[in-house]
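Chemist: Got a predicted structure here, sequence first:
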Amino acid sequence: MTLDMTHPSIADLARRARRRVPRFVWEYLDSGTGADTATAANRAALDRIRLVPKPLAGPVDPQLETALLGVDYALPVGIAPVGMSGLIWPGAEVTLAKAAARARVPYCLSTVAAATPETVGRHTGGMGWFQLYPPGDPDIRRDLLDRARGAGFHTLVLTADVPVASRRERLRRAGITNPMKITPRIFLDCALHPEWALTMLGYGKPRLVTLEKYADVQTDRPGTAHVGYLLRTAPDADYVKALRDLWPGKLVVKGVLDPAAARGLGALGVDAVWVSNHGGRQFDAAPAAIDALPLVREAVGPEMPVLFDGGIASGTDILRALALGADFTFVGRAPHYGLAAFGARGAAHVFDIFRASLEADMGQMGLARPADAATRCAL
Ligand SMILES: Cc1cc2nc3c(=O)[nH]c(=O)nc-3n(C[C@H](O)[C@H](O)[C@H](O)COP(=O)(O)O)c2cc1C
């Protein structure tokens, strides 16, 4: 039986992924922050959006190719940056980069990944984006950008919604410490998930390898043990301008929900705005990302590309986002559910699900191209 028969939706993959990884890993992947209301709101608000089907549209032949920032992608959905992907399933960064290259969709590598840009860049097939948690030290910043560029990543994403760490109470309850310690409880959790544990043994404990080069750099935040947090700063408009001067490729700012802030980004040289509440992981009172999307679109006007993530689990959701003003969408958890459920085959299946569901729904809506969703009625 094919995966499409046994696991036709992202929720099916998530259920299997949950069984295959240790509990603390599942909590890392799935959780939000606080009471997880922002994560839940992302899903609930998507479900509330109804798209009006078009009768008598005649036959349509949906073409899913979507151009964004000068590149033609096969689908209007890419893989969002996920820190420590390699904890969720060993080797995740390279496996997902390869899956994205094969599906011809963007793969955005996180600064706090378990694989370096040098390692992953070889596998991106021109689909590579690099996400920056902004280093305070200008020398580290320059070096990191040079490394990403040199490794073939053409689009830079500055994450703007992590000015400080969030509480992530579920991680605390699951016994995850920072830096990670293998306590007896974590050890037992791993032993109870032998496939994950044995594969992980082959790869070694995942680390913030990209940042290790800078680990001995002095910082003014001695209370924080995690090298990732040691290096980050809370960026402002001057930081964006500095990035614009340093980065010759496209520049995207991720984590924007505030229309007024979005409006100012074009003047700083930003090429696209990414509407996101970080999958609900940073601020539990944040609005659902999809509720902020039309306001941001209105604020930036029709010319500025607007990207979207938060809760997407089907082609239907992708069309909801495009109908409300997005040009392109991203998924964080979904490809990791596929990967943890079935390895590389599961990651590829996630994009098959998106493709099939886009085609089915575009047929209902009489759309020849995903972008035409913007012309249709959303209630
Ligand atoms: C486990 C995990 C780790 C993440 N790490 C990062 C990160 O390193 N950088 C970043 O900009 N966003 C990070 N995000 C947020 C995602 O890029 C994305 O905004 C979010 O997952 C979208 O919501 P979705 O998971 O519902 O698709 C992370 C999300 C998850 C689930």
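Modeler: Great, that's in hand. Numbering: from 1, shown residues only.
Chemist: make it CA atoms for all contacts and neighbour counts henceforth
Modeler: OK.
Chemist: shouldn't residue 325 be in contact with residue 293?
Modeler: Yes. At 6.6 Å, residue 325 and residue 293 qualify as touching, with contact defined as C-alpha atoms under 8 Å.
Chemist: Please name the spatially closest residue to residue 340 (chain neighbours excluded).
Modeler: Of all residues not flanking residue 340 in the chain, residue 17 sits nearest, at 4.9 Å (C-alpha to C-alpha, 6 or more residues apart in numbering).
Chemist: what about whichever strand or helix holds that neighbour and the ligand, any contact?
Modeler: Secondary structure assignment for residue 17, by DSSP states H and E: helix 10-20. No. Judged by C-alpha under 6 Å from any ligand atom, helix 10-20 stays clear of the ligand, getting no closer than 11.1 Å.
Chemist: and that helix, which residues are buried?
Modeler: For helix 10-20, a neighbour-count test (16 or more other C-alpha atoms under 10 Å) marks 10, 13-14, 16-18, 20 as buried.
Chemist: next one: stretch 303-310
Modeler: Quick answer for stretch 303-310 (16+ other C-alpha under 10 Å): 304-310.
Chemist: Following the chain onward from the helix holding residue 17, which element is next?
Modeler: Using DSSP H and E, the helix or strand that directly follows helix 10-20 along the chain is helix 23-30.
Chemist: so what secondary structure elements neighbour that next one?
Modeler: helix 85-88, helix 169-173, helix 184-191 (3 or more C-alpha pairs under 8 Å, 6 or more residues apart in numbering; DSSP states H and E).
Chemist: Between these, which one is closest to residue 102.
Modeler: helix 85-88 (18.9 Å; C-alpha to C-alpha).
Chemist: so where is the protein shaky, pLDDT-wise?
Modeler: Filtered on pLDDT under 70, the chain yields the residue ranges 217-227, 229-230.
Chemist: Name the single longest strand found in it.
Modeler: Taking DSSP state E as the criterion, the chain has its longest strand at strand 250-256.
Chemist: hmm, back to that, quick one: the helix holding residue 17 to helix 23-30, angle?
Modeler: If you take axes from the mean of the first three to the mean of the last three C-alpha atoms, to 10 degrees, helix 10-20 sits at 150 degrees to helix 23-30.
Chemist: quick one: helix 10-20 to chain centroid distance?
Modeler: Taking C-alpha atoms, centre = their mean, to the nearest Å, the mean C-alpha location of helix 10-20 is offset from the chain mean by 18 Å.
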